[in-house]
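# Need coordinates for the following:
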Amino acid sequence: MEIEYWVWMCAILLASYFCLINFMWRLNEWYYNMKLKKKQYPLPPGHLGWPLIGNMLAFVKDFSSGHPDSFITNLVSKSLSFSSLNIHLHTHTHARAHTNMLFYIFYTHSLSLVFRNGRTGIYKTHLFGSPSIIICEADMCRRVLLDYETFKIGYPKSTMEVIGFKSFWSSVEKEHKGLKRLVSALTMGHNTLEMYLPRIEDIVINSMEEISSMNHPVEFLKEMKSISFDIIISIIMGSYNKNILTKIENSFSDVFAALYCMPIDLPGFAFHKGLKARKKLVKLIQPIVEERRLMIKNGEKTKDKDLLDILLEARDEDGFILRMRILLTCG
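Down below sits the predicted model:
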């Protein structure tokens with residue numbers, strides 16, 4: 001009797017476990033389907049994953065392993081049971097206005113999508129704490145990227161928190177376009193490259209000599225990243241103490257690692273580390289910006305200007321100075 005009792009208990013626990021897992025796996029799906037049941041915008045195939053975290057575990061796993069395509073492949077393979085997809089959208093419709101969710105809508109007119117083998121090219125998922133739509137079909141991507149009126153550039157909320165709300169990419173549209181045009185003019189073209197070439201050569205030669213003098217193996221990719229970073233900093237801010245540049249590089253690496261991660265602001269998580277690193281970056285860069293601003297004001301800066309000098313002196317079409325809040329994330 002006692003053996004039968006434990007057998008039944010194990011069977012009940014096992015069944016309860018699978019039922020709970022199945023329930024949790026479908027909970028996100030049920031929740032958003034309920035929110036959209038009275039709407040005329042059906043969701044594409046795919047799955048919204050677990051509650052709160054969605055599909056972030058699979059996303060981080062595939063991207064960290066160096067095989068980001070695996071995430072899309074798995075997403076598509078799980079959606080092959082859908083043989084057709086009908087989407088009816090109105091002009092200039094954005095899902096946020098109807099569902100208060102971060103779903104992206106890709107067309108401004110009624111459209112019927114029917115693909116072979118159920119491969120629709122458009123899938124639903126849940127990433128960075130928000131429901132999302134992924135497109136992986138060339139024609140769809142082209143339509144979205146060329147539709148400037150309906151679609152605006154954006155990033156996950158966690159990414160915006162890490163880089164700072166007042167950063168370059170989150171500036172108002174007019175400032176963004178003006179600054180993008182200015183930066184492009186300063187960093188592209190034969191004359192620009194010719195102006196920066198001596199700096200680049202010095203950095204590369206000195207770095208290679210330093211690496212060649214080492215008596216131990218070096219990690220090639222890490223060293224190339226460091227050289228590239230030194231070149232970028234030199235173009236933006238000119239030459240500075242190596243110790244300061246190392247601190248900036250380390251803080252920037254932590255910020256970059258936190259751009260696409262789960263927004264968990266607790267010690268030990270990349271997001272928390274990225275927020276702290278951004279504050280360090282601000283403390284490191286602010287004195288440099290203020291020093292350069294005073295030098296320009298007093299006419300002490302030499303004719304060899306870098307990107308920071310030109311940005312500090314630049315004015316937009318209306319005559320207003322482009323604020324450094326676009327360059328420096330303060331907050």
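# can you give me how far stretch 133-140 is from the chain middle?
A distance of 18 Å separates the centroid of the chain from that of stretch 133-140, by CA atoms, centre = their mean, to the nearest Å.
# cool, stretch 10-29 as well?
That offset, for stretch 10-29, works out to 34 Å (CA atoms, centre = their mean).
# Would you mark the buried spots in the host helix or strand of residue 9?
Using DSSP states H and E, residue 9 sits in helix 2-36. By neighbour count on 16 or more other CB atoms under 10 Å, the buried set for helix 2-36 is 28, 29, 32, 36. The C-beta positions use only the backbone N, C-alpha and C, and glycine is treated the same way.
# Out of these, the closest to residue 216 would be?
Checking those against residue 216 by CB to CB gives residue 28 as the nearest, at 49.5 Å.
# Grab the nearest non-local neighbour of the closest one.
residue 48 (4.0 Å; CB to CB, 6 or more residues apart in numbering).
# Please identify which helix or strand holds residue 145.
Going by DSSP H and E, residue 145 is part of helix 138-146.
# Quick check: mean pLDDT of that helix?
Across helix 138-146, the average pLDDT comes to 79.
# Tell me the gap between that helix and the middle of its chain.
For helix 138-146, the distance to the chain centre is 19 Å (CA atoms, centre = their mean).
# Name the residues of it that come out as buried.
140, 143.
# for the following helix or strand past it, packing partners?
Next along the chain after helix 138-146, taking DSSP H and E as the criterion, comes helix 157-163. Packing contacts for helix 157-163, counted by 3 or more CB pairs under 8 Å, 6 or more residues apart in numbering; DSSP states H and E, involve helix 270-297.
# Mind doing that once more with 10 Å?
helix 242-257, helix 270-297 (3 or more CB pairs under 10 Å, 6 or more residues apart in numbering; DSSP states H and E).
# isn't residue 272 right up against residue 255?
No - using CB atoms under 10 Å, residue 272 makes no contact with residue 255, being 12.0 Å away.
# So between those two, which is more surrounded?
residue 255 (22 against 16; other CB atoms under 10 Å).
# got a list of what that one touches?
162-164, 270, 273-278, 280-281, 329 (CB atoms under 10 Å, 6 or more residues apart in numbering).
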